[in-house]
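Enquirer: Dropping a prediction and its sequence here:
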Amino acid sequence: MEYLVEMTTHVPQGTPDADVDDMRTREAKRARELAVEGHVVRLWRPPLNPGEWRTFGLFSADDESQLESVLSSMPLRVWRTDEVTPLSKHPNDPASVQGSESMEFLTTLTITAPDGTPAERVDELRAREAERARELAGEGRLVRLWTPPTEPGQWRTLGLWSAPDEAGLEATLESLPLYVWMTVELIPLTVHPSDPVMGNK
């Protein structure tokens, strides 16, 4: 299974800089080991406030118990809180984790069909959406898609996209057939130094 983990680190007040540097070094080493083992798939940094330490990680594990073992093996866990979102396969996922030279964005797409929309119309748009997703994956603009846990009646998709900038991403999203019913939340991502795909280029 795959999991999105939001990792927030709080360094205790008064911690010597040397101890912080040592912890960061050990964390980077452990992240490389976990990447080789296939547990760390990607790492990113979202926009940060001054003094904030936050990382988004895409992890692979057999189950939540194994994921917890993986996360607890990372040195920074003693200063960190982790928010885990289990991810299910999305039918339009291109299953590609290859990096690109563009910016990457994490999106949450919430789709709400208007009340009274005929089922045939929903099915038609979903079919067109799947076709468009394949086209965007082929162009390198759609990197991954997942289905996060949802409440009954919710229709949500978590996406990883590549675009030259935010305007380029918006143009890509507007080309989706379901965009007319879509609420978009997006987070621009920057490369994390320990990211196994982008950080070693």
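Expert: Structure's in. What do you need?
Enquirer: residue contacts, the closest residue to L106 other than its chain neighbours?
Expert: Leaving aside its chain neighbours, L106 sits nearest to I187 (4.6 Å; criterion: Cβ to Cβ, 6 or more residues apart in numbering). Using the backbone N, CA and C atoms, a C-beta is placed for each residue, glycine as well. I187 makes contact with 46-47, 56, 105-107 under the criterion Cβ atoms under 8 Å, 6 or more residues apart in numbering.
Enquirer: What is the three-state secondary structure of I187?
Expert: strand (DSSP: H, G, I helix; E, B strand; the rest coil).
Enquirer: same check, this time on L125
Expert: When classified by three-state DSSP, L125 comes out as helix.
Enquirer: residue contacts, it?
Expert: Contacts for L125 (Cβ under 8 Å, 6+ apart) come out as 177-178, 181.
Enquirer: can you pick the most crowded of those residues?
Expert: Using other Cβ atoms under 10 Å as the neighbour criterion, L178 leads the contacts of L125 with 19 neighbours.
Enquirer: Next one: the closest residue to that residue other than its chain neighbours, what pLDDT does it get?
Expert: Spatial nearest neighbour of L178, excluding adjacent residues (Cβ to Cβ, 6+ apart): E129 at 4.8 Å. Looking at E129, its pLDDT is 95.
Enquirer: from memory E129 sits against L176, does it?
Expert: Yes - shown here, E129 and L176 form a contact pair, counting by Cβ atoms under 8 Å, at 6.0 Å.
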